[in-house]
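[1] here's my sequence, what's the structure:
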Amino acid sequence: MVQATFATHEVLNQSPPFEEVDLFALDRPLIDAVAANGGAAAAQELSEFGQHWGSAAMAARGRIANENAPKLRTFDSRGNRLDEVEFHPAYHELMARSAHEGIHNSTWTAQGKPSGGAAEVVRAAKFYMAAQVETGHLCPITMTRASVAALAASPDLLAKVMPVISTRAYDAAFAPWWSKRGMTLGMGMTEKQGGTDVRSNMTRAARDGEGYRITGHKWFMSAPMCDAFLVLAQADEGLSCFFMPRFRPDGSINSIHFQRLKDKLGNRSNASSEVEFVDAYGVLVGDEGKGIRTIIQMVQLTRQDCAIASAGLMRSGLAHALHHARFRSVFQKHLADQPLMQAVLSDMALHVEASIALVMRLCRSFDQAPGGQSEAAYMRLLTPAIKYWVCKSAPGFLFEAMECLGGNGYVEEGILARHYRESPVNAIWEGSGNVMCLDVLRALSRELDAATAVLEDLAKQNAGLPGAADAVIFISKAFARPDSERVARLAVEKLALLAGTAALNAVSPHHAELFGRTRLALNHGSMYGAIDLAAADVRGLLERALP
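    Numbering: from 1, shown residues only. Predicted coordinates:
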């Protein structure tokens, strides 16, 4: 009897992997947005970055780091307290590459001062491309970069740690920070009873010589493998900010006891913890009672990165969807040639164009804020509005991108399922949507004249574009209402759309007209593709998105 043999059928009508590509050169909206905001000279550097991060090897590292989640080692084999987090080598490779590129420190000089020029814009382009490959490891990267702004409140402390932060080396060793080639910093603010209301924190700090003994808990402290953390605790003068290293000055392990790692929806490669402090050693940063004022300098920068990362996730979703549609045939045509699919993809491309133009414009304001009042006002007013709109756009956008691939997009072997699970985190972390709206209202109340000037500038930059004049009137009236909080979400979204139209107008005026017509003059349909664009505009948007 002859044994039957079985072989799988030949696989046809599938797209090849979207790998071994230059993530910069293939992204015309990114190239133009970087150039429009002062970063044109870095094109070669960014292309080299795009080629490396667009490689199959980096894609594999991103996948593997998420398939092998970090593990908490609370005790060693003899029962000694350890509190160490173990990671797969793929995670460490991602961290090392990001550090080598300076994503964690390139916006600062070796002394902890702003680098100037277009440092924020160039770094943001790298962050945006890295987010397309693996977003979780960027959490400690962004917190390390942002911590310098808070540490500036204590110049002596900053002078001690900056030589280690400013290196482009990643050192994964569990050792005192002062003995390492490079270091990372995390942040701990959230407690069970308070959440966003950090003034209700119950963690206590008692002075002990030149330092403090800190006792309490944090319900959510991200990146517990970092070498030090900025934490909030109640001191004699009120809520204060502290630098808490993993090791005490004598080299012993600090009393930072991790209770567990969080089991999160996404962000799997990055460890997030629940932690208790038992007389943990800490150093005051800034003045007692000024903890929020100190740490908000850090939070402003992490919010900026939330928007950049969400824009990167959406760009990756668009690129994978468009790439797939150009290879996949349905009803005797490639998907990319089907009118309905063209409507969807071009609408998504327009959204990404505005998003990247907007976040790069925001980064320019961070570059120029130290020397210009108008840019500083733009930064303070628009950072929460841009985080609100860009980050909250991402989950729905990534769902649409997944649907473009059908079942292929829904399985874990592809990157879009991971992107989709990752996408809600940036809207939730560093202040949820309502908090962002309240921060816009707070900026208006504190700096009404400066905020009014920003709105007037946006009106000028959008002059003649569809819907812009009416949007300015609506925003002005909404924020002037005594019950402005009731309509804050609508007003903040309009503000972000107005700023997005203006930013896009500096990059691609024709597409700014399309964006204004479909987002400001009209209420955009609740589904992507529910717009009517001319065939030439569809072709132009898709060619810019992915040549």
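
[2] from now on I want contacts and neighbour counts done on CA atoms only, so please keep to that.
    Fine.

[3] which residues sit against stretch 459-479?
    441, 455, 484, 487-488, 491-492, 494-495, 498, 501-502, 505, 512-513, 516-517, 520-522 (Cα atoms under 8 Å, 6 or more residues apart in numbering).

[4] mind doing that once more with 7 Å?
    Identification of contacts with stretch 459-479 by Cα atoms under 7 Å, 6 or more residues apart in numbering yields 484, 487, 491, 494-495, 498, 501-502, 513, 516-517, 520-521.

[5] just the buried residues of those residues.
    Buried members of the contacts of stretch 459-479, counted by 16 or more other Cα atoms under 10 Å: 491, 494-495, 498, 501-502, 513, 516-517, 520-521.

[6] dump the residues you listed to TSV, plus distance to Asn267.
    Shown next, in TSV, are the buried ones among the contacts of stretch 459-479 (distance: Cα to Cα, whole Å):
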residue	distance to Asn267
Ala491	30
Lys494	30
Leu495	29
Leu498	31
Thr501	31
Ala502	32
Glu513	36
Gly516	34
Arg517	36
Leu520	33
Ala521	37
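
[7] ok, the contacts of stretch 459-479 vs Ser115, which is closest?
    Nearest to Ser115, judged by Cα to Cα, of those is Ala502 at 26.3 Å.

[8] isn't that closest one right up against Leu458?
    Yes. Under the criterion of Cα atoms under 7 Å, Ala502 makes contact with Leu458 at 6.4 Å.

[9] quick one: which two of the contacts of stretch 459-479 are the most distant?
    Ser484 and Glu513 (29.0 Å).

[10] hmm, back to that, mind checking which of the buried ones among the contacts of stretch 459-479 are in helices?
    Among the buried ones among the contacts of stretch 459-479, DSSP state H puts 491, 494-495, 498, 501-502, 513 in helices.

[11] can I get these in CSV with pLDDT and distance to Ser98?
    Output for those, formatted as CSV (pLDDT from 0 to 100; distance: Cα to Cα, whole Å):
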residue, pLDDT, distance to Ser98
Ala491, 96, 37
Lys494, 97, 35
Leu495, 98, 33
Leu498, 98, 33
Thr501, 98, 31
Ala502, 98, 31
Glu513, 98, 37
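
[12] any weak-confidence spans in this structure?
    Under the criterion pLDDT under 70, the flagged ranges of the chain are 1-6, 8.

[13] hey, where'd the strands end up in it?
    Taking DSSP state E as the criterion, the chain contains strands spanning 71-75, 81-86, 185-190, 204-208, 211-222, 228-235, 238-245, 256-261, 272-285, 329-330, 333-334.

[14] got CSV for the ones you listed, with distance to Glu412 too?
    What follows is the strands of the chain, written out as CSV (distance: least, Cα to Cα, whole Å):
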stretch, distance to Glu412
strand 71-75, 21
strand 81-86, 23
strand 185-190, 29
strand 204-208, 44
strand 211-222, 25
strand 228-235, 33
strand 238-245, 37
strand 256-261, 22
strand 272-285, 22
strand 329-330, 23
strand 333-334, 24
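
[15] buried ones in the longest helix anywhere in the chain?
    Counting by DSSP H, the longest helix found in the chain is helix 291-327. For helix 291-327, a neighbour-count test (16+ other Cα under 10 Å) marks 291-295, 297-325, 327 as buried.

[16] run the angle between that helix and strand 228-235 for me.
    On the basis of axes from the mean of the first three to the mean of the last three Cα atoms, to 10 degrees, helix 291-327 is oriented at 140 degrees to strand 228-235.

[17] now do helix 291-327: which elements does it pack against?
    helix 119-131, helix 138-151, strand 238-245, strand 333-334, helix 339-368, helix 373-404 (3 or more Cα pairs under 7 Å, 6 or more residues apart in numbering; DSSP states H and E).

[18] 8 Å instead, please
    For helix 291-327, the packing partners by 3 or more Cα pairs under 8 Å, 6 or more residues apart in numbering; DSSP states H and E come out as helix 119-131, helix 138-151, strand 238-245, strand 333-334, helix 339-368, helix 373-404, helix 415-422, helix 425-428.

[19] from Gln51, how far out is the nearest residue in space to Arg61 that is not next to it in sequence?
    In space, and not counting its chain neighbours, Arg61 is closest to Ala90: 5.0 Å by Cα to Cα, 6 or more residues apart in numbering. When Cα to Cα, to the nearest Å is applied, the distance between Ala90 and Gln51 equals 18 Å.

[20] please apply the same query to Lys71.
    31 Å.

[21] Glu120 now?
    For Glu120, the distance to Gln51 - Cα to Cα - is 21 Å.

[22] who has more neighbours, those two?
    Glu120 (26 against 16; other Cα atoms under 10 Å).

[23] which ones are touching the more buried one?
    By Cα under 8 Å, 6+ apart, the contact list for Glu120 reads 107, 363-364, 366-367.

[24] quick check: nearest residue in space to Val278, chain neighbours excluded?
    Nearest one to Val278, counting by Cα to Cα, 6+ apart, is Thr215 at 4.8 Å.

[25] mean neighbour count and distance to Leu358 for the strands of the chain - can I get that in a markdown table?
    Converted to a markdown table, the strands of the chain look like this (neighbours: other Cα atoms under 10 Å; distance: least, Cα to Cα, whole Å):
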| stretch | mean neighbour count | distance to Leu358 |
| --- | --- | --- |
| strand 71-75 | 15 | 38 |
| strand 81-86 | 18 | 37 |
| strand 185-190 | 26 | 27 |
| strand 204-208 | 19 | 41 |
| strand 211-222 | 22 | 27 |
| strand 228-235 | 25 | 30 |
| strand 238-245 | 25 | 32 |
| strand 256-261 | 20 | 35 |
| strand 272-285 | 22 | 30 |
| strand 329-330 | 16 | 35 |
| strand 333-334 | 14 | 32 |
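
[26] excluding chain neighbours, what is closest to Ala152?
    Leu158 (6.1 Å).

[27] okay, now the one you found: neighbour count?
    So Leu158, with other Cα under 10 Å, has 20 neighbours.

[28] do you know how far it is from Glu101?
    22 Å.

[29] what's Thr190 in contact with, if anything?
    196, 198, 201, 218-221.

[30] wait, I meant Phe75
    Listed by Cα under 8 Å, 6+ apart, the contact set of Phe75 reads 81-83.

[31] can I get these in CSV including distance to Asp171?
    CSV is the format used below for the contacts of Phe75 (distance: Cα to Cα, whole Å):
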residue, distance to Asp171
Arg81, 22
Leu82, 19
Asp83, 18
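
[32] wait, which of the residues you listed is closest to Gly62?
    The nearest one, if we look at the contacts of Phe75 relative to Gly62 and count by Cα to Cα, is Asp83, at 25.1 Å.

[33] distance of Thr107 from Tyr378?
    Distance from Thr107 to Tyr378, counting by Cα to Cα: 19 Å.

[34] so between those two, which is more surrounded?
    Each of Thr107 and Tyr378 had its neighbours counted (other Cα under 10 Å), and the higher figure belongs to Thr107 (26 against 23).

[35] show me which of the ones in helices among the buried ones among the contacts of stretch 459-479 is closest to Ala450.
    The shortest approach to Ala450 among these belongs to Leu495, at 15.1 Å (Cα to Cα).

[36] tell me who's in contact with the closest one.
    Per Cα under 8 Å, 6+ apart, neighbours of Leu495: 385, 471, 475.

[37] if we go to 10 Å?
    Contact analysis of Leu495 by Cα atoms under 10 Å, 6 or more residues apart in numbering lists 381-382, 385-386, 389, 440, 455, 458, 471-472, 474-476, 489, 501.
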